[in-house]
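S.K.: Got a predicted model here, sequence first, then my questions.
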Amino acid sequence: MAARTFSLEQISEHNKEGDLWIVVNGDVYDLSRFTDIHPGGAGVLLASDIAGKDASEAFFSLHRSSVLAKYKRLIIGKLDSDASASSTKYVLPLDGELSPVPYAEPSWLVPSYKSPYFKDSHRRLQKAMRKFFDENVKAEAREFELSGERPTQKLVELMGTDEWNIHAMRMGPGRHLHGKTLPGNVKGEEFDYFHELVCVQEMCRVGAPGYMAGLQAGMVIGLPPILNFAPEPLRQRILPDILAGKKFISLAISEPHAGSDVQGITTSATLSEDGKYWIVSGMKKWITNGHFSDYFMTAVRTGPKSLTMMLIERDADTVDTRKIKTSYSPSAGTAYVFFEKTKVPVENVLGGEGNGLKVILSNFNHERWVINCRIARYSRLVFEETWKWAHLRKSQGKRLIDNAVVRQKFGQMIARIDSGQAWLEHLTYQMTKMTYAEQSAQLAGPMALNKYYLARCGQEISDMAVQIWGGRGITQGGMGALIEQYQRTYKFDNVLGGADEVLADLGVRQASKRMPKAVL
Ligand code: HEM
């Protein structure tokens, strides 16, 4: 049935309490029974320049466009063609589509730009991921970011189905993807680090970094030892349920007295008399997803100079977890993990006894690279939100963007976002071309420096955005919701995977080691 249409004159007759219509973006809303529950109060809706009028400009300067989707039920018709022709239409973001806002997408997604890195299969995957996250994740993520709830099991399992394989794709290229057909009709065998970058960045584009930490972040860092070092029977027993989203794993390295200093680890194990089990006692701290994990990929001291990595399975009698409250995420299930004489079969050792450090170090580059992909996308999202706001919001008679001091901040944001992404793509390309050994030798320094740079940029972009948003940038929910989330959570990226200062130093030390002797 065609929508009813109304002239501005007809609409203007409904301008009082109990009989109130307004127009937003060409749609006519009947707010007669909404005034009393309007979060902004009844008064603003009944004002003479709003009631019975086209209130689009006032609406968009105070609400996110998602409010319109939520209140679709209040629409009773559309402006007629005469009135519609003279009213300003606002471009609303469409689920699954690219943003038309300049610099809101990395340049490889800008229609007129070319990229040497991204091929048709990356673009097909990007399209499928954008649609999936917009349609299935965005609403839940933004709601739960506020409530602190964990992602629903239904969603986690949907992501793990053979149709989507998202958990498996987040583990990067490898044998675990072979034989699978991935979204966008990408073959598992052709999946490379640029496909993985697409997955990570499309996921982060939704916002809600705290919620996202609850969405298998532990798996991304805890599962690689299984993929790279597990004997086949252990791999077969553990992998399918985790990649299907039915079981959870986390990485258990840090301890109260040994943050990221693995040499200081005191959780220890002795071999049982029959040689079949390690008996583990000790505690771990800051274990992302630990509170709800079924498996803990744990670094354990098996001798004064011997560090060993082993998979510990949750056991009601000897493994206990206690949630830690953090500022970055109530959904992440960050926890203390206690082992009290926990029996671990010797088959659960990864990479051999005493090789723990090698196993831990083997994933550092990849872990940092994933964090870099995240920061680059979250920062861009914060920029996009702020950029849109600066074009809508009027203060003292002019838009925020009409102030040179505001434009200067945007110049700094754009330069940081695009240079960080370009550097990241350049390193990603090296990853697709280097062997694992070459990556370890050549990329540890540059990857650390890229993380240092992106994390510092993220912090600066967040700060500039909050200054532009004012109170809304530190208010949960409403227009500035994504800005508030990021300013509360960006420190996670400055610390996780190596603090900024440590990583800058690592990059410099690595380069210094390669200096030829006696260069003038
Ligand atoms: C379709 C019509 C409207 C709907 C469904 C609606 C809904 C909402 C909602 C859900 C909020 C909470 C904040 C948020 O989630 O963004 C809000 C806040 C507010 N609304 Fe509306 N609104 C409508 C029209 C208007 C209009 C025409 C005005 C006129 C100025 C207005 C003024 C406000 C104000 C002042 C706030 C508080 C904003 C803040 O605290 O920053 N609303 N509205």
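M.R.: Cool, got the structure. Numbering: from 1, shown residues only.
S.K.: Skipping adjacent residues, who's closest to the residue in the stretch 301-450 of the chain positioned nearest to the ligand in space?
M.R.: Relative to the ligand, the nearest point of the stretch 301-450 of the chain is R393 (10.7 Å; Cβ to the nearest ligand atom). (Each C-beta comes from the backbone N, C-alpha and C, glycine too.) Leaving aside its sequence neighbours, R393 sits nearest to L400 (Cβ to Cβ, 6 or more residues apart in numbering; 5.1 Å).
S.K.: on that earlier part again, so what's the residue of the stretch 301-450 of the chain closest to the ligand up against?
M.R.: Residues counted as contacts of R393 (Cβ atoms under 8 Å, 6 or more residues apart in numbering) are 61, 399-400.
S.K.: State the number of residues packed around the residue nearest to R393.
M.R.: By other Cβ atoms under 10 Å, 22 other residues sit near L400.
S.K.: Surely it is in contact with R407?
M.R.: No. Judged on Cβ atoms under 8 Å, L400 makes no contact with R407 at a distance of 9.3 Å.
S.K.: if you look at the contacts of R393, which of them are in strands?
M.R.: Taking DSSP state E as the definition of strands, the contacts of R393 contribute R399.
S.K.: with the contacts of R393 in mind, which one is nearest to I253?
M.R.: Nearest to I253 among these, counting by Cβ to Cβ, is L400 at 44.7 Å.
S.K.: Retrieve the pLDDT associated with the closest one.
M.R.: Note on L400: pLDDT of 95.
S.K.: Can you name the residues that contact it?
M.R.: By Cβ under 8 Å, 6+ apart, L400 lies in contact with 389-391, 393-394, 406, 468.
S.K.: just checking, what packs against whichever strand or helix holds W278?
M.R.: Per DSSP states H and E: W278 is located in strand 277-287. Under the contact criterion of 3 or more Cβ pairs under 8 Å, 6 or more residues apart in numbering; DSSP states H and E, strand 277-287 touches strand 249-252, strand 268-271, strand 295-303, strand 306-313, strand 335-345.
S.K.: any idea of the angle it forms with strand 306-313?
M.R.: 80 degrees (axes from the mean of the first three to the mean of the last three Cα atoms, to 10 degrees).
S.K.: Run me through the strand neighbours of strand 277-287, direction for each.
M.R.: With DSSP bridges as the test, strand 277-287 is paired with strand 268-271 (antiparallel), strand 335-345 (antiparallel).
S.K.: So which bits of stretch 226-246 are buried?
M.R.: 226, 229-230, 234-235, 238-239, 242-245 (16 or more other Cβ atoms under 10 Å).
S.K.: Which member of those residues is positioned nearest the ligand?
M.R.: Using Cβ to the nearest ligand atom, the buried residues of stretch 226-246 come closest to the ligand at G245, 30.7 Å.
S.K.: Assign the closest one to one of the three secondary structure states.
M.R.: coil (DSSP: H, G, I helix; E, B strand; the rest coil).
S.K.: so what's the nearest residue to it once chain neighbours are set aside up against?
M.R.: Of all residues not flanking G245 in the chain, G160 sits nearest, at 3.4 Å (Cβ to Cβ, 6+ apart). Counting by Cβ under 8 Å, 6+ apart, G160 makes contact with 166-168, 243-246.
S.K.: would you turn those into TSV with pLDDT?
M.R.: Listed next are these as TSV, based on pLDDT from 0 to 100:
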residue	pLDDT
I166	98
H167	98
A168	98
L243	98
A244	98
G245	97
K246	98
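S.K.: For those residues, work out which two are farthest apart.
M.R.: I166 and K246 (14.0 Å).
S.K.: ok, back up a step: need the strands paired with strand 277-287 in a markdown table with distance to the ligand, can you?
M.R.: Formatted as a markdown table, those follow (distance: least, Cβ to the nearest ligand atom, whole Å):
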| stretch | distance to the ligand |
| --- | --- |
| strand 268-271 | 52 |
| strand 335-345 | 33 |
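S.K.: Right, and the ligand sits closest to which residue of the stretch 1-150 of the chain?
M.R.: For the stretch 1-150 of the chain, Cβ to the nearest ligand atom, closest residue to the ligand: G40, 2.3 Å.
S.K.: Quick check: closest non-adjacent residue to the spatially most central residue of the chain.
M.R.: Geometric centre of the chain, nearest residue: C204, 3.2 Å, by Cα atoms, centre = their mean. Nearest non-adjacent residue to C204, counting by Cβ to Cβ, 6+ apart: R377, 3.9 Å away.
S.K.: show me the contacts for that neighbour.
M.R.: Here R377 is in contact with 200-201, 204-205 (Cβ under 8 Å, 6+ apart).
S.K.: phi, psi of the residue of the stretch 301-450 of the chain closest to the ligand?
M.R.: phi -80, psi 130 (degrees, to the nearest 10).
S.K.: tell me the pLDDT at it?
M.R.: For R393, pLDDT reads 88.
S.K.: any idea how far it lies from G26?
M.R.: Going from R393 to G26 by Cβ to Cβ, to the nearest Å gives 22 Å.
S.K.: Ok, I238 next?
M.R.: On the measure of Cβ to Cβ, I238 and G26 end up 54 Å apart.
S.K.: following the lowest-mean-pLDDT helix or strand in the chain, which helix or strand comes up?
M.R.: When the helices and strands of the chain are compared on mean pLDDT, DSSP states H and E, helix 81-86 comes out lowest with a mean of 81. Per DSSP H and E, helix 81-86 leads on to helix 120-132 as the next helix or strand towards the C-terminus.
S.K.: what's the nearest residue to M479 if we skip its chain neighbours?
M.R.: R472 (5.2 Å).
S.K.: quick check, the one you found in a helix?
M.R.: Yes. Assigned with three-state DSSP, R472 falls within a helix.
S.K.: if I look at it, how far off is H14?
M.R.: R472 is 31 Å from H14, by Cβ to Cβ.
S.K.: likewise L392?
M.R.: L392 is 26 Å from H14, where distance means Cβ to Cβ.
S.K.: Which one's more surrounded, those two?
M.R.: H14 (19 against 16).
S.K.: which SS state does the closest residue to that one other than its chain neighbours fall under?
M.R.: Sequence neighbours aside, W21 is the residue nearest to H14 in space, at 3.9 Å (criterion: Cβ to Cβ, 6+ apart). Classification of W21 by three-state DSSP places it in strand.
S.K.: so what pLDDT did the residue nearest to F383 when sequence neighbours are not counted get?
M.R.: Nearest residue to F383, sequence neighbours excluded (Cβ to Cβ, 6+ apart): M413, at 4.8 Å. The score at M413 is 98. That number is its pLDDT.
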